[in-house]
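Asks: sequence plus predicted model, see below.
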Amino acid sequence: MHALTAILLALPITALAGNPHEGSQRRKHWETRNVAHARRGVTYQLEDDYSGQNFFDGWTFDTEADPTHGLVDFVSDTVAQVSQLAYVQSDNTVVVAVDDTTNLTAGANRNSIRITTKKTYNGGLFVADFFAMPHGCGVWPAYWSVGPNWPEAGEIDILEGVNLQTDNQITLHSSPNCTITNADAATGHLVNPTCTSSNGNNAGCAYAQSGGNSFGHGFNMMAGGVFAHLWDQTGISVWFFPRTEIPQDISSGNPDPSSWGAPVALFPNNDSCDTSAHFHDHSLVIDTTLCGDWAGNSFGGDGCPGTCADFILNANNFQRKPLFIISI
Ligand SMILES: *[C@@H]1O[C@H](CO)[C@@H](O)[C@H](O)[C@H]1NC(C)=O
Ligand SMILES: *[C@@H]1O[C@H](CO)[C@@H](O)[C@H](O)[C@H]1NC(C)=O
Ligand SMILES: *[C@@H]1O[C@H](CO)[C@@H](O)[C@H](O)[C@H]1NC(C)=O
């Protein structure tokens, strides 16, 4: 029962800005390009492109203790380089991995990576392409965004799950007075409507995907796919596209969310949750933690053997298999 512990990012993570205000001052700063069927006349312009050999330039390596109590030491960029836990391959794919070579003594943490964008965002259209993701017993990978003073500025979890899970969960965490009221407009299953979170109760409002291909082994077997999320004045919507179903407008660099159909997760901006007040100044984050509040607490219940703390000691339980490297 091995855990697979490398994240492979393929094409870029891109952040795009939408411009609903025709002729506004802001428009002057952008090379505008009209999109044929844009949502409410919005045009999307590329603002940031995290990809290829310069991928890590836009990110900070966080070395603070995992706030979710994972049994990891998040390492610096120097350690990450020396121990080959974060690097860009010659085909421009980006690898972010957990240490899979060190046997630990009882009570020790395993080295891993948590990277955060230097830039912060107050909205936009974000498109992230993953070829492969970590999964398996003890493993808790996530692609998410978060603002200062948690949960005051909120948290948006786009890709997240633990252990042997096969379906992704999309979750928001917020300060008080944010709940989800229109789950029917999303294809995902609402598992909890209350976004309001605190240190004592941080379940958050969450949608579970289904189909067995949005997380873990099933995701990797089809060479992953694209998670796209739109965060604007209408709220926060998330779409997932398996590798073979990535829309042409994404592949061609002219993303058009109005053509993508219902999102898997929808968090509308209205009286039940003022998303513009609850979510601001977010950095994007990619990390893999081990055990901790979620993967550790559900370890046995998820069918994993023994204790999570023991499981992570043995390097043999981890393996890095970049199976899905594809030239781009
Ligand atoms: C780690 O421990 C396992 C089990 O004792 C052993 O088979 C393996 O060779 C060890 N690996 C390293 C890198 O020392
Ligand atoms: C939440 O809503 C209640 C009732 O409208 C209000 O009294 C309270 O101040 C709000 N709390 C926050 C943190 O906005
Ligand atoms: C929020 O918006 C959705 C439609 O997107 C609607 O179904 C729901 O009733 C609204 N809730 C409130 C409290 O306005």
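Replies: Structure's in. What do you need? Ligands and ions are numbered 1, 2, ... in the order given.

Asks: need the residues of the chain near ligand 1, please.
Replies: Contact residues (CB under 6 Å from any ligand atom) of the chain with ligand 1: 101, 103, 314-316. Using the backbone N, CA and C atoms, a C-beta is placed for each residue, glycine as well.

Asks: may I ask which of those residues has the most neighbours?
Replies: Among the residues of the chain next to ligand 1, A315 has the most neighbours (other CB atoms under 10 Å), with 14 neighbours.

Asks: show me what contacts it?
Replies: 99-103 (CB atoms under 8 Å, 6 or more residues apart in numbering).

Asks: make it 7 Å
Replies: Counting by CB atoms under 7 Å, 6 or more residues apart in numbering, A315 touches 100-103.

Asks: just the pLDDT for it.
Replies: Looking at A315, its pLDDT reads 93.

Asks: check the gap between it and ligand 3 for me.
Replies: Using CB to the nearest ligand atom, to the nearest Å, A315 is found at 49 Å from ligand 3.

Asks: please name the nearest non-neighbouring residue to that residue.
Replies: Excluding the flanking residues, the one nearest A315 by CB to CB, 6 or more residues apart in numbering is N103, at 5.1 Å.

Asks: mind listing what the residue nearest the centre of the chain touches?
Replies: Nearest to the mean C-alpha position of the chain, counting by CA atoms, centre = their mean, stands Y143 at 1.7 Å. Neighbour list for Y143: 128, 158-159, 227, 286 [criterion: CB under 7 Å, 6+ apart].

Asks: hmm, 10 Å instead?
Replies: By CB atoms under 10 Å, 6 or more residues apart in numbering, Y143 lies in contact with 7, 9, 13, 126, 128, 130, 133, 156-160, 168, 227, 229, 284-287.

Asks: secondary structure element for it, which one?
Replies: Per DSSP states H and E, Y143 falls inside strand 139-146.

Asks: what strands line up against that strand, and which way round?
Replies: strand 155-160 (antiparallel), strand 283-290 (antiparallel) (DSSP bridges).

Asks: can you list the ones you listed in TSV and add mean neighbour count and mean pLDDT?
Replies: As requested, the strands paired with strand 139-146 are exported to TSV (neighbours: other CB atoms under 10 Å; pLDDT from 0 to 100):
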stretch	mean neighbour count	mean pLDDT
strand 155-160	23	97
strand 283-290	24	96
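
Asks: out of the ones you listed, which is closest to ligand 2?
Replies: Nearest of those to ligand 2, taken as CB to the nearest ligand atom: strand 155-160 at 16.3 Å.

Asks: mind checking how far the closest residue to C205 other than its chain neighbours is from ligand 2?
Replies: Nearest non-adjacent residue to C205, counting by CB to CB, 6+ apart: C195, 3.9 Å away. Distance, C195 to ligand 2, by CB to the nearest ligand atom: 12 Å.

Asks: hmm, C195 is touching I170, no?
Replies: No: using CB atoms under 10 Å, C195 is not in contact with I170; the gap is 11.7 Å.

Asks: what sits in contact with each of the two?
Replies: By CB under 10 Å, 6+ apart, C195 and I170 have these common neighbours: 204-206, 267.

Asks: most neighbours, which of those?
Replies: F267 leads these on contacts (other CB under 10 Å) with 32 neighbours.

Asks: follow-up on the earlier one: need the max-distance pair from the contacts of A315.
Replies: For these, the maximum inter-member distance is 10.7 Å, found between D100 and N103 (CB to CB).

Asks: what touches both of the two?
Replies: Shared contacts of D100 and N103 (CB under 10 Å, 6+ apart): 315-317.

Asks: in JSON lines: those, plus secondary structure.
Replies: Below are those laid out as JSON lines (DSSP: H, G, I helix; E, B strand; the rest coil):
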{"residue": "A315", "secondary structure": "helix"}
{"residue": "N316", "secondary structure": "helix"}
{"residue": "N317", "secondary structure": "helix"}
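
Asks: nearest to W150, of the residues you listed?
Replies: Among these, N317 lies closest to W150 (CB to CB), at 30.8 Å.

Asks: low pLDDT regions in the stretch 101-250 of the chain?
Replies: Within the stretch 101-250 of the chain, no stretch has pLDDT under 70.

Asks: what residue in it comes nearest to ligand 3?
Replies: Proximity of the stretch 101-250 of the chain to ligand 3 (CB to the nearest ligand atom) peaks at N182, 3.5 Å away.

Asks: ok, and the closest non-adjacent residue to that residue?
Replies: Nearest residue to N182, sequence neighbours excluded (CB to CB, 6+ apart): P268, at 5.2 Å.
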